[in-house]
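Novice: Kindly return the folded structure for what I paste below:
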Amino acid sequence: QVQLVESGGGLVQAGGSLRLSCAASGGGFSSYAMAWFRQAPGKGREFVAAIMWSSGRTRYTDSVKGRFTISIDNAKNTVYLQMNGLKPEDTAVYYCAAGTNGLSSFSHQYTYWGQGTQVTVTS
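Specialist: Next up is the predicted model:
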C-alpha cells in the first residue's frame with residue numbers, strides 16, 4: 001500500500017525559505033509522477049510542481065518558477081520541494097501526490113495523497 005508522508009512545513013517571514021519533504025513507501029515508483037499541490041483557505045487545490053521519478057523531468061506552475069525546485073532522492077524514496085523567496089500568497093496546506101498520468105496539473109489524475117503540511121508566510 002502506497003503511503004506518502006509530508007513534513008517540513010512551518011511559519012516563515014516573506015523572503016524566507018522552507019524545504020518540504022514527502023517520504024514515499026509501499027510501491028515501486030519508477031513509473032510514477034510525483035507532485036506538490038497546495039490549498040489555501042477558501043480556495044481549490046492548486047498545482048505547484050511535478051517530477052517524473054524515472055527521468056527527473058519537471059513541470060512548475062508559473063507563479064513559482066524560479067523560486068521553487070522539486071527534486072527526488074532515490075536512495076531515500078523522498079521527494080522535496082525547496083521553496084525560496086516565499087511570499088504571503090504561498091500560504092497554504094501543501095500536499096504530496098503520486099500518479100501514473102505523467103506531469104499532470106490536474107489533481108484528479110493523482111491516485112495517492114499525503115495528509116498535507118501547513119506553510120504560513122507572514123509579511
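
Novice: ok, the residue positioned nearest the centre of the chain - contacts?
Specialist: Closest residue to the average C-alpha location of the chain: W36 at 2.3 Å, with CA atoms, centre = their mean. Residues near W36 by CB atoms under 8 Å, 6 or more residues apart in numbering: 20, 22, 48-50, 70, 79, 81, 94-97. C-beta: built from backbone N, CA, C; applies to glycine.

Novice: any idea which of those residues is closest to G10?
Specialist: Closest to G10 out of the contacts of W36 is L20 (9.7 Å), distances taken as CB to CB.

Novice: Which strands or helices does the host helix or strand of the closest one pack on?
Specialist: Take DSSP states H and E as the rule and L20 turns out to sit in strand 18-25. Counting contacts by 3 or more CB pairs under 8 Å, 6 or more residues apart in numbering; DSSP states H and E, strand 18-25 is packed against strand 3-7, strand 33-39, strand 78-83, strand 92-99, strand 117-122.

Novice: and the angle from that strand to strand 3-7?
Specialist: Counting by axes from the mean of the first three to the mean of the last three CA atoms, to 10 degrees, strand 18-25 lies at 160 degrees to strand 3-7.

Novice: Average pLDDT for strand 18-25, rounded please.
Specialist: Strand 18-25 carries an average pLDDT of 98.

Novice: Can you give me the buried ones in it?
Specialist: Under the neighbour-count criterion of 16 or more other CB atoms under 10 Å, strand 18-25 has 18, 20-24 buried.

Novice: That strand pairs with which strands?
Specialist: strand 3-7 (antiparallel), strand 78-83 (antiparallel) (DSSP bridges).

Novice: What lies in contact with it?
Specialist: Applying CB under 8 Å, 6+ apart, the contact partners of strand 18-25 are 2-10, 12, 34, 36, 76-83, 86, 94, 96, 98, 114, 117, 119.

Novice: Also stretch 46-60?
Specialist: Under the contact criterion CB under 8 Å, 6+ apart, stretch 46-60 has outside partners 29-40, 61, 64, 68, 70-72, 74, 79, 81, 92, 94, 102-107.
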